[in-house]
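K.L.:
Sequence and predicted structure below; questions after.
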Amino acid sequence: MVRPIGTHQPVPMGGTGESSAPAQLNEAGRERSERGPSPGPLRDLGPRSATEEGAGPSSRAAASASRAPRTASIDAAATLGYRSNDVKAVVALADGIGRLEAQLAALKAPPGPNADAAPQMSEVELTQSIRRLQASREQATGKLKELGTQCDKARGGIEELNATQAGKEQRLEQLQREYDAATASEPTAPATQSRPSTEAIIADANVNHGRMKDISRQIESLSASREAAANEAKAVASRTALRQAGEVGAFEMMDDVSPALREQTAQWLRGETQVSRRAARPLRDQAFQTSLTTAFERISAHRGDPLEAVRAFMRAASGTGLENIGPEIERMLAYDLGLSLRVSNVGARQGKSLDQMNRVRSWVGQSPAQVTARRIREEIGRAATEMHGALRRDATVAEFGDQTLRGTEIGAVATRLSDLSTRLNQHQDAFAAMIGALEKHFIQSLEVKDPVAEKMGQQVAPHLDGYYGARISELVAERKALDRAPAEQPRTRATLAAPSTRRAGTDLEQLEGRIRRLQGEIPQYAAQHKSEFEHYASLSTRYLSAADELEAIDNELAELQNRHDDLRAARHEDHKQRGARGGEAERVEGELETRWNEAIHSPELHRVISPAALVRAIDVHFGKSAEQMRARLTRPGGTVSRTGTFSSRAALLRAIADIAAHEMSKPKSKSALLAGDLRAFERIASGYDSGRVDALCNHGRAIGIGVRKSASGIVEMRTNTSQYAIEWERGTGARISHLHPWVSPY
């Protein structure tokens, strides 16, 4: 940093183009006296002559002898050579300090983002995503473990059924062999009919199973038919209720919509599907844009089906992320439709159509549909304005009704509401026309087109459950009977016949009982085995899907964790680099201070500009912020109307070198710095009003910034020009005696 410079005595000067220069100089001296003497090597830079810098008479004599060629009238070529060497030295000082300043600025500047790189997630967002995925992974793992347990249990049940069925089949074959052997040893026993094989029994069971499937299909068909009939009856009842609620009594106002009529109209708008406000979650951005495009495509072509166009628009509005938008739009549309129904009923009694009634109901030349469309646009526009207001305030929490939005949700909702509002403004006429068509469609849907069917719907509806319930109960009972049939199958369907003559004892009877029992159990086990196997196959499919889902979560989680680790490593590396840059910046800053102190004490620089002028330029016109310069202009009692500051040390030194080169480029008769004696200098200065050389030097580049008073207030502007003064100092010669950035008054 540049230390503030103070001098032990102010340097009185004439006007230099900076407003009220003497007052400014006295003011700058007063500031320095208030701050006290400045620390650092610039404290000894006062307007002292070369003879005062020595410690004794001998040093003063040597200094006087060394400066004798510059104070006497000397040859012009020698003077030009001296001056050129001094300017080159100042330029070299400026270049060296400029390189150090650029190096220091590069070290202190934060690393800029890579413009070509894709936007990266922040560490907080990555952490939140990782936690969300970890929670999903825990759920998926629990689901997979549960499905695995169920699969193992189902597989164990199938294996147990297989073993049981195989054992029973083996036991049946053994019993049949025993029975055959027993009956063969009876010579008086008549020939028995052939016994059914296991395959025949299983085939019989499959027939029963097919009949049961057929019964199940009939039950499902009857249930669907009952549901369709119930829906039609419900539609008839809804139309009847709407017509009754829309009736207007003789002494009633037609522009009154009761809450019951509004609710029934809203139900007609929704159709069969009704999604709660809390259950409707905002769509993803791509899905929202798709729904928005679809909605306005249907709005533009609403004449085909205005109800579907309205439902598409309400779905898009509910996808913005604000829970109140969808219900509010539904409320306005339901009120408009309910009012249209009552107006239509009044018009029907008078023999007028809805269009004729609406022409009477128009407000300020707008139809009711246009008024409703405008209110919907205003509601969405108001919501978008509130969300953008929260964004401009950098709010982290925004409340809309009873909903609270946080963080990035505010920006997403604001963007979607703006898109929706823009689309509505672009399609105002189509939107209003769609609402008008919806009013007509609503009235037409309530008209009784077939009174007989309407009456039948009202009369049949109460008896639906009785008819369909009785038929379904019969089929269910038959299915249960078939399900129990295999246990009684040996007596009814088995081809095993009882022998006409039996042996004494119960051996054959016991064998027959066991065979009949096994013949009934085997088909049951076969059907149960098939059912269990289908259940196991379904569980296996779900298990594989859950495993794939878990694998996908693991892959995404691993990717996010790698990105999180890379981000932390990059941040750690950035901290290391910042520390290294900080150490290097401290070293460069120390070197810059050393070089600057050497530069401002340079004899070559002092032969171009006086130490007093240098001190004042650094103290008043260097390192000042815009606020400090504004404070100087607005100081009570101050007369300064404009002031400026050099942008850097190098800019100040280059400005001094540019001024010297500018003066030396003039003809000798007009160049103040090349004047060989006081008489020649006074002849050149006589061309200026102030009695000294007062001029401007345009550097062709920005050297700093300045502020000035104007009619509109204080204006900040860049400056490319310096204002300077050159005076003759006895014993030293012509030097720059005053320097500051020049701020144009225009």
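P.N.:
Nice, I can see it.
K.L.:
Packing partners of the helix or strand harbouring Gln628?
P.N.:
Take DSSP states H and E as the rule and Gln628 turns out to sit in helix 626-633. The contact analysis (3 or more C-beta pairs under 8 Å, 6 or more residues apart in numbering; DSSP states H and E) places helix 626-633 against strand 642-646, strand 704-710, strand 713-719. From N, CA and C alone the C-beta is placed, and that goes for glycine too.
K.L.:
Buried deepest among those strands, which one?
P.N.:
Counting by mean count of other C-beta atoms under 10 Å, strand 642-646 has the highest mean neighbour count of those, with a mean of 24.
K.L.:
and that one, what does it pack onto?
P.N.:
Against strand 642-646 (3+ C-beta pairs under 8 Å, 6+ apart) you get helix 626-633, strand 704-710, strand 733-741.
K.L.:
For the helix holding Gln628, buried residues please.
P.N.:
By neighbour count on 16 or more other C-beta atoms under 10 Å, the buried set for helix 626-633 is Met629, Arg630, Arg632, Leu633.
K.L.:
my read: the third one touches Gly644, true?
P.N.:
It refers to Arg632. No: contact criterion C-beta atoms under 8 Å: Arg632 and Gly644 do not qualify, at 10.6 Å.
K.L.:
With adjacent residues omitted, what lies nearest to Asn425?
P.N.:
Once flanking residues are discounted, Asn425 sits nearest to Arg377: 6.8 Å by C-beta to C-beta, 6 or more residues apart in numbering.
K.L.:
number of nearby residues for Leu354?
P.N.:
A count of neighbours around Leu354, defined by other C-beta atoms under 10 Å, yields 21.
K.L.:
what separates it from Ala477, distance-wise?
P.N.:
Using C-beta to C-beta, to the nearest Å, one obtains 54 Å as the distance from Leu354 to Ala477.
K.L.:
Tell me which stretches of the stretch 251-400 of the chain form strands.
P.N.:
397-400 (DSSP state E, counting those that start in this stretch).
K.L.:
just the helices in it please.
P.N.:
Counting by DSSP state H, counting those that start in this stretch, the stretch 251-400 of the chain has helices at residues 259-270, 285-300, 306-318, 325-350, 354-361, 368-392.
K.L.:
taking the mean pLDDT, what do you get for the one helix or strand Ala651 maps to?
P.N.:
Ala651 belongs to helix 649-664 when assigned by DSSP H and E. Here helix 649-664 scores 92 as its mean pLDDT.
K.L.:
what does stretch 710-719 give?
P.N.:
Mean pLDDT, computed over stretch 710-719, is 88.
K.L.:
Equivalent analysis for stretch 128-147, please.
P.N.:
pLDDT averaged over stretch 128-147 gives 87.
K.L.:
Can you give me the pLDDT of Glu252?
P.N.:
Predicted confidence (pLDDT) for Glu252: 66.
K.L.:
now Glu125
P.N.:
Looking at Glu125, its pLDDT stands at 82.
K.L.:
Contacts for the helix or strand harbouring Arg607, please.
P.N.:
If you go by DSSP H and E, Arg607 is part of helix 603-608. Outside helix 603-608, the residues within contact range by C-beta atoms under 8 Å, 6 or more residues apart in numbering are 70, 82-83, 85-87, 89-90, 93, 599, 614, 653, 656-657, 660, 673, 732, 735-736.
K.L.:
Heading C-terminal from it, find the next helix or strand.
P.N.:
Next helix or strand after helix 603-608 toward the C-terminus (DSSP H and E): helix 611-620.
K.L.:
Tell me if I'm right that Met664 and Ser84 touch.
P.N.:
Yes: taking contacts as C-beta under 8 Å, Met664 lies within contact range of Ser84: 7.1 Å.
K.L.:
contacting residues for the closest residue to Val87 other than its chain neighbours?
P.N.:
Distance criterion C-beta to C-beta, 6+ apart; nearest residue to Val87, sequence neighbours excluded, is Ala660 at 4.7 Å. Listed by C-beta under 8 Å, 6+ apart, the contact set of Ala660 reads Arg83, Asp86, Val87, Val90, Val608, Leu673, Ile736.
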